[in-house]
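J.: structure for the following, please:
(one chain, ligands or ions: 2)
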Amino acid sequence: MTDIKKGLAGVYVDYTAISKVNPETNSLLYRGYPVQELAATQPFEAVAYLLWHGGLPTDDELAALRATERAHRGLAPEVKAAIDLLPTGAHPMDEIRTAVSVIGATETAGITNVLDAVGTPAENLERSVRLFAALPAIVAYGQRRRRGLDPVEPRDDLDYSANLLWLTFGEEPDPVVVDAVNRSMILYAEHSFNASTFTARVVTSTLSDLYSAVVAAIGALKGPLHGGANEAVLHILNEIGDAANVVPWLDEALGQKRKIMGFGHRVYKRGDSRVPTMKAALDMLIAHYDRPDVAELYETLEREFVSRKGIYPNLDYPSGPAYNLIGFDVLTFTPLFVASRITGWTAHIIEQQSANALIRPLSEYNGPDERHVPGYVADAAALAVADRPEESAG
Ligand SMILES: CC(=O)SCCNC(=O)CCNC(=O)[C@H](O)C(C)(C)COP(=O)(O)OP(=O)(O)OC[C@H]1O[C@@H](n2cnc3c(N)ncnc32)[C@H](O)[C@@H]1OP(=O)(O)O
Ligand SMILES: O=C([O-])CC(=O)C(=O)O
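T.: Ligands and ions are numbered 1, 2, ... in the order given. Below you'll find the predicted structure:
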């Protein structure tokens with residue numbers, strides 16, 4: 001009997017030096033640093049540098065990364081034109097997927113030999129920084145377009161998180177809000193072999209290019225069992241409406257065997273290491289916007305669900321209401337995750353390229369027994385193939 005590992009649960013498929021998720025100690029390390037320490041002390045640009053290079057940047061290295069990032073912040077005309085071709089009702093994850101495809105096709109134009117598309121590590125690092133720089137304008141434009149607003153020009157005097165807010169809202173961002181966004185970007189940046197990162201590594205393993213891997217990862221992240229859960233959390237909170245409705249709502253939802261979005265995790269079974277840091281950021285926003293009702297609903301649902309099911313919140317649970325308080329459209333939440341996770345994805349793409357093996361698992365066939373097309377008469381070539389030793393797996 002073949003031992004099938006459905007969903008690859010519990011299976012180690014490779015090494016990584018980028019991050020360590022430890023459910024036993026409930027910890028997450030990026031290149032050895034606890035993520036909580038990074039969120040409390042670093043700008044997101046420094047964490048991006050850490051993920052790509054393996055160490056925190058010196059002042060000069062950070063200044064150089066920031067200079068490149070600021071030089072590539074603009075919304076490229078061909079990207080804007082491609083987004084404008086999409087219906088305004090298109091999901092922004094589809095806009096971003098399209099935008100990255102356009103950037104990839106533009107940047108790799110002229111490469112006529114598929115063997116050259118994969119790029120050198122240095123080229124892929126440059127491509128990664130440019131995508132990292134470009135994404136805030138793309139995410140922000142999606143939200144502004146849905147609101148009938150023109151894009152705003154990026155600001156060279158603002159760091160990454162402040163500029164993201166500026167591009168979205170066109171207003172001087174408040175430092176409390178900038179701090180919360182910076183922390184959320186750091187917390188979302190990287191999480192070992194999660195589904196979207198693994199998708200990026202599968203695509204990379206075929207020697208395809210970085211953009212194709214990122215486009216595929218965006219598709220994987222969109223699903224509500226993964227990144228789409230931060231959007232889904234808000235739908236649930238809106239459906240419940242008020243803390244007083246939690247108990248009857250949960251009775252009904254659990255009676256219908258609904259999954260409660262923002263709870264549960266494939267690896268962490270005793271709570272997500274990132275939640276306390278993001279909950280603290282949410283609390284800062286709740287105080288800033290004076291919205292104790294948000295805390296009441298959040299905490300009541302958490303308390304009730306955990307006491308009934310013993311399943312804890314994941315990072316999407318505090319991130320959803322935090323982004324909502326800031327004023328991001330609910331549809332923009334998962335795109336914000338993309339803007340952050342681009343750092344982790346691209347670090348993994350480069351790591352996969354450095355020690356590549358084609359990722360191709362096996363499946364146990366459970367379809368119909370061999371049968372034949374009526375009237376088919378095997379020719380000599382087919383008979384010769386049939387004579388080869390049998391392969392056991394599909
Ligand atoms: C950033 C991120 O991507 S974090 C994940 C974001 N996703 C979500 O928040 C979606 C909701 N959560 C889930 O669907 C799951 O917890 C997952 C997919 C994240 C992880 O799940 P897995 O490890 O595959 O466990 P699985 O889905 O099999 O759940 C195990 C049991 O717990 C239950 N369960 C797990 N999560 C939930 C939930 N959120 N609500 C209700 N029940 C749940 C399942 O129904 C299942 O019950 P059963 O054994 O009676 O059938
Ligand atoms: O690790 C996972 O399976 C999902 C997750 O939390 C992430 O990608 O941040």
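J.: for the protein, what spans make up the strands?
T.: Counting by DSSP state E, residue ranges of the strands within the chain are 19-22, 27-30, 33-34.
J.: what average pLDDT does the last one get?
T.: Which is strand 33-34. Mean per-residue pLDDT for strand 33-34: 98.
J.: packing partners of it?
T.: With contacts defined as 3 or more CB pairs under 8 Å, 6 or more residues apart in numbering; DSSP states H and E, strand 33-34 has no helix or strand neighbours. Heads up, the C-betas are built off the backbone N, CA and C, glycines and all.
J.: what does it rub up against?
T.: The contact list for strand 33-34, computed with CB atoms under 8 Å, 6 or more residues apart in numbering, reads 27, 28, 50, 56.
J.: now stretch 271-289
T.: Taking CB under 8 Å, 6+ apart as the rule, stretch 271-289 contacts 21-22, 26-28, 35-36, 39-40, 174, 176-177, 179-180, 183-184, 187, 265, 291-292, 294-295, 298, 312-315, 317-319, 321-322, 325-326.
J.: so who does the residue in the chain positioned nearest to ligand 1 touch?
T.: Per CB to the nearest ligand atom, residue 264 is where the chain lies closest to ligand 1, at 2.1 Å. Neighbour list for residue 264: 311, 312, 314 [criterion: CB under 8 Å, 6+ apart].
J.: roughly how far apart are it and residue 271?
T.: Here residue 264 is placed at a distance of 11 Å from residue 271 (CB to CB, to the nearest Å).
J.: before we move on, the earlier item: now, of the contacts of stretch 271-289, which are buried?
T.: Buried by 16 or more other CB atoms under 10 Å: 21, 26, 28, 35-36, 39, 177, 179-180, 183-184, 187, 265, 294-295, 298, 312-315, 317-319, 321-322, 325-326, out of the contacts of stretch 271-289.
J.: filter the residues you listed by proximity to ligand 2?
T.: 265, 314, 315 (CB under 6 Å from any ligand atom).
J.: from those residues, pick the one nearest residue 98.
T.: Residue 98 lies nearest to residue 315 out of those, by CB to CB, at 26.1 Å.
J.: for the stretch 251-394 of the chain, give me the ranges with low pLDDT.
T.: 383, 385-386, 389-394 (pLDDT under 70).
J.: what does the stretch 101-250 of the chain put close to ligand 1?
T.: Residues of the stretch 101-250 of the chain lying near ligand 1 (CB under 6 Å from any ligand atom): 225, 226, 227, 229.
J.: need the residues you listed in TSV with neighbour count and pLDDT, can you?
T.: Output for those, formatted as TSV (neighbours: other CB atoms under 10 Å; pLDDT from 0 to 100):
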residue	neighbour count	pLDDT
225	13	98
226	18	98
227	30	97
229	26	97
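J.: just these: which are in helices?
T.: Among these, the ones falling in helices (DSSP state H) are residue 229.
J.: which residues does residue 75 contact?
T.: 134, 137, 138, 141, 151.
J.: next one: stretch 249-258 to chain centre, how far?
T.: 28 Å (CA atoms, centre = their mean, to the nearest Å).
J.: residue of the stretch 251-394 of the chain closest to ligand 2, please.
T.: residue 266 (4.7 Å).
J.: how about that residue, nearest residue that isn't a chain neighbour?
T.: residue 9 (6.8 Å; CB to CB, 6 or more residues apart in numbering).
J.: residue 182 too?
T.: residue 161 (4.1 Å).
J.: give me the number of residues near the one you found?
T.: 24 (other CB atoms under 10 Å).
J.: correct me if wrong: it contacts residue 185.
T.: Yes - using CB atoms under 8 Å, residue 161 is in contact with residue 185, at 6.1 Å.
J.: show me where the stretch 201-350 of the chain has helices.
T.: 210-222, 229-240, 246-255, 275-289, 292-309, 316-326, 333-354 (DSSP state H, counting those that start in this stretch).
J.: could you list the buried residues of stretch 75-94?
T.: 75, 76, 79, 80, 82, 83, 86, 90, 91, 92, 93, 94.
J.: for the residue nearest to residue 21 when sequence neighbours are not counted, which residues are in contact?
T.: The shortest distance from residue 21 to any non-neighbouring residue, by CB to CB, 6+ apart, is to residue 192 (4.8 Å). Residues in contact with residue 192 (CB under 8 Å, 6+ apart) are 16, 18, 19, 20, 21.
J.: could you redo these as JSON lines and give each row pLDDT and distance to ligand 1?
T.: As requested, the contacts of residue 192 are exported to JSON lines (pLDDT from 0 to 100; distance: CB to the nearest ligand atom, whole Å):
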{"residue": "16", "pLDDT": "98", "distance to ligand 1": "17"}
{"residue": "18", "pLDDT": "98", "distance to ligand 1": "16"}
{"residue": "19", "pLDDT": "98", "distance to ligand 1": "13"}
{"residue": "20", "pLDDT": "98", "distance to ligand 1": "17"}
{"residue": "21", "pLDDT": "96", "distance to ligand 1": "11"}
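J.: of the residues you listed, buried ones?
T.: 16, 18, 19, 21.
J.: any idea how far residue 371 is from the last one?
T.: Distance, residue 21 to residue 371, using CB to CB: 46 Å.
J.: so does stretch 253-263 get close to ligand 2?
T.: No - Stretch 253-263 does not reach ligand 2 (CB under 6 Å from any ligand atom); its nearest approach is 11.1 Å.
J.: what about that stretch, start to end distance?
T.: 14 Å (CA to CA, to the nearest Å).
J.: which parts of that stretch are buried?
T.: 253, 260, 261, 262, 263.
J.: check those and tell me the two furthest apart.
T.: Applying CB to CB across the buried residues of stretch 253-263, the maximum distance is between 253 and 262, 12.8 Å.
J.: which helix is the longest one in this protein?
T.: helix 121-146.
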